[in-house]
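K.L.:
Okay, structure incoming, though there's no sequence with it:
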Ligand code: ADP
Ligand code: MG
Ligand code: MG
């Protein structure tokens, strides 16, 4: 049983005009086995939240805390966060020239587990997970994300999730750019990882579509850098019908 607790998280980035606050007091608690959806308009700070949890250096935490099972996540390096069981599937996964997917996965697994996995069972697991995600074996010898289509990148992210076995997974717009078949396959991957690992999951999305496949226990609405509403799955249905307008404060006249 794990718990990720985010309290009063305030985050700024450095801009040409000086520091700009993007997150203004986010509170969120995620337990093992729970699926939380974070929904909100573009520019509301969803990716900033994900990147801050993962330890992206551009984002400065000016107030608040993030803990995983009581340990201070903000004190940890990016590697230590991954080792502690945090996983981020990025909105825009980056290519890693010169590194094959096969090497990347094994290196990441070795770093996180503290020792290299035994080769035969590892390969069997990799191939099994790739089969589940309908990824051909040829991807193993390709450079990570290099020339991958949008859908292939997202599958490669979920492949990492399945193999690295984190405690908490944050999926930033994993639905973007997926056709219905790919969305179903990727969602099945997330659901099976959740069941097998008792994973806590944060699904960040602009659209309700993915939530038909990955059923959230809780829905949080993000606007202007904080959570402005929360509820159960029914809230996602309302957002589908009504959009986010009612959460956006009109500019002063
Ligand atoms: P979302 O994922 O909800 O679309 P983001 O977290 O990507 O929102 O961005 C929130 C706001 O913060 C946007 O206005 C964006 O332009 C700004 N922002 C994010 N990262 C940076 C950065 N590194 N430098 C300057 N502004 C940023
Ligand atoms: Mg965006
Ligand atoms: Mg985003």
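P.N.:
Structure's in. What do you need? Note that the structure is predicted; figures quoted are calculated from it, not measured. Ligands and ions are numbered 1, 2, ... in the order given.
K.L.:
contacts and neighbour counts: CA atoms only from here.
P.N.:
Will do.
K.L.:
Helices of the stretch 151-253 of the chain, start to end?
P.N.:
Using DSSP state H, counting those that start in this stretch, the helices of the stretch 151-253 of the chain run over residues 180-197, 233-242.
K.L.:
shaky segments in the chain?
P.N.:
The chain contains residues with pLDDT under 70 at 250-253.
K.L.:
residues from it in reach of ligand 1?
P.N.:
Neighbours of ligand 1 within the chain, by C-alpha under 6 Å from any ligand atom: 13, 15, 22, 42-48, 58.
K.L.:
how about 8 Å then?
P.N.:
Contacts of the chain with ligand 1, taken as C-alpha under 8 Å from any ligand atom, map to 13-15, 20-22, 40-49, 58-59, 172, 222-223, 225.
K.L.:
partners of residue 7 in the sheet?
P.N.:
residue 65 (DSSP bridges).
K.L.:
Show only the entries of the residues of the chain next to ligand 1 found in strands.
P.N.:
13-15, 20-22, 172, 222-223 (DSSP state E).
K.L.:
Out of the residues you listed, which comes closest to residue 34?
P.N.:
Here the nearest of those to residue 34, counting by C-alpha to C-alpha, is residue 172; it sits at 16.4 Å.
K.L.:
my read: that closest one touches residue 49, true?
P.N.:
No. Counting by C-alpha atoms under 8 Å, residue 172 stays clear of residue 49, with 9.6 Å between them.
K.L.:
which residue ranges form the strands in the stretch 101-250 of the chain?
P.N.:
Under the criterion DSSP state E, counting those that start in this stretch, the stretch 101-250 of the chain carries strands at the ranges 143-144, 168-172, 200-205, 218-223, 226-231.
K.L.:
which residues touch the nearest residue to residue 223 once chain neighbours are set aside?
P.N.:
Nearest non-adjacent residue to residue 223, counting by C-alpha to C-alpha, 6 or more residues apart in numbering: residue 44, 4.9 Å away. The contact partners of residue 44, by C-alpha atoms under 8 Å, 6 or more residues apart in numbering, come to 22, 222-226.
K.L.:
want to throw the strands of the stretch 101-250 of the chain into TSV with mean neighbour count?
P.N.:
Rendered in TSV, the data for those read as follows (neighbours: other C-alpha atoms under 10 Å):
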stretch	mean neighbour count
strand 143-144	22
strand 168-172	26
strand 200-205	25
strand 218-223	23
strand 226-231	17
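K.L.:
want to throw the ones you listed into TSV with distance to residue 243?
P.N.:
TSV is the format used below for those (distance: least, C-alpha to C-alpha, whole Å):
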stretch	distance to residue 243
strand 143-144	36
strand 168-172	19
strand 200-205	13
strand 218-223	11
strand 226-231	13
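K.L.:
so which of those comes closest to residue 26?
P.N.:
strand 226-231 (5.2 Å).
K.L.:
got the contact list for that closest one?
P.N.:
For strand 226-231, the surrounding residues in contact (C-alpha under 8 Å, 6+ apart) are 23-27, 44-45, 218-222, 247.
K.L.:
same thing but 6 Å
P.N.:
The list of residues contacting strand 226-231 from outside it, by C-alpha atoms under 6 Å, 6 or more residues apart in numbering, reads 24, 26, 218-222.
K.L.:
State the pair within those residues that is farthest apart.
P.N.:
The most widely separated members of these are 24 and 218, with 20.8 Å between them, by C-alpha to C-alpha.
K.L.:
For the stretch 1-150 of the chain, just list every one of the helices.
P.N.:
Here the stretch 1-150 of the chain has its helices, by DSSP H, counting those that start in this stretch, at 46-54, 78-84, 101-113, 119-132, 150-164.
K.L.:
buried sites along the second one?
P.N.:
If I follow you right, that is helix 78-84. By neighbour count on 16 or more other C-alpha atoms under 10 Å, the buried set for helix 78-84 is 78, 80-84.
K.L.:
just the contacts of strand 226-231 now: which is nearest residue 67?
P.N.:
The nearest one, if we look at the contacts of strand 226-231 relative to residue 67 and count by C-alpha to C-alpha, is residue 26, at 13.3 Å.
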